[in-house]
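J.: have a look at this fold, sequence not included:
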């Protein structure tokens, strides 16, 4: 039999490795889980940024989200060796999303070969999983490679069925190309609106993207970009994994916080009915952003 002190020590050790904890509050037990990561990561031509963010991940427990454009310039097998040298150190706890650079290689085959079953069905590149009390959906924003992203597409139909099958209190989704972005290189991608609409209709809470190489947080909004405090989804753009920086010239409506000169990762503490967010910058950078939100 394990004594109480040893049991507590073992529980703490498990929490450090998995990012799952159970916190007693007023006689109840609240489950917490950590989801942490970014997109736009390892460029074989300069790995200093990816190395800086990989060091952060090694210090943060929990599930790692790799939000597309993971291996530059072309998502090849050789490029994924550069990812392996950096974020590959936390591969065992990573759940990835594919980006456009992964599909520079036909069918994103090196990406799917590298991650295996963790990346979902190679014919789709979208999947879902449970994390604590939350339902997590990973989508594929390379629409032409998955027979479209319109309302009648296989991916949107799958998404609606998946959400209907998991009617939990809290839902988070991530994919590479954001619907809303103030980034000067790409900006809004209206092709993502049907995905956002399906999530909005299902009362989802948080969406995370990359693609623009900066950090941005939006206030809760509807699929048309209108402020919606009651049912709106909060979006984060976290293209800060290490590739490079690109400027933000003018903030879009509902954009609350923006930064374009710090690599870093977004850490989300997913609680029962709520979540906390914290942007953690690379060593030597002072920018941060943090807050809390409630599920619908």
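T.: It's in. Everything quoted here is computed from the prediction, not taken from an experiment. Residues are numbered from 1 along each chain as shown.
J.: quick one: buried residues of the strand ranked longest in the chain?
T.: Identified as the longest strand of the chain according to DSSP state E is strand 28-38. Residues 30, 32, 33, 34, 35, 36, 37, 38 are the ones in strand 28-38 that count as buried (16 or more other C-beta atoms under 10 Å). Placement of C-beta: from N, CA and C, glycine included.
J.: for that strand, packing partners?
T.: strand 20-25, helix 48-59, strand 63-67, strand 264-271 (3 or more C-beta pairs under 8 Å, 6 or more residues apart in numbering; DSSP states H and E).
J.: can you list the strands that the very next helix or strand once past the third one pairs with?
T.: Just to be clear, that refers to strand 63-67. Following strand 63-67 in sequence order, the next helix or strand is strand 71-72 (DSSP states H and E). Looking at strand 71-72 with DSSP bridges, its partner strands are strand 42-43 (parallel).
J.: OK, contacts around the residue lying closest to residue 109 once chain neighbours are set aside?
T.: Spatial nearest neighbour of residue 109, chain neighbours left out: residue 122 (7.5 Å); criterion: C-beta to C-beta, 6 or more residues apart in numbering. By C-beta atoms under 8 Å, 6 or more residues apart in numbering, the residues touching residue 122 are 107, 108, 109, 112.
J.: of the residues you listed, which is the most crowded?
T.: Greatest neighbour count in those, by other C-beta atoms under 10 Å, goes to residue 108: 23 neighbours.
J.: now that one, what are its backbone angles?
T.: phi 50, psi 30 (degrees, to the nearest 10).
J.: shaky segments in the chain?
T.: 1-18, 20-30 (pLDDT under 70).
J.: so where do the helices sit in it?
T.: Using DSSP state H, the helices of the chain run over residues 4-18, 48-59, 77-85, 109-115, 154-165, 193-201.
J.: now the ones you listed as CSV including distance to residue 257?
T.: Below are the helices of the chain laid out as CSV (distance: least, C-beta to C-beta, whole Å):
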stretch, distance to residue 257
helix 4-18, 29
helix 48-59, 19
helix 77-85, 28
helix 109-115, 30
helix 154-165, 28
helix 193-201, 20
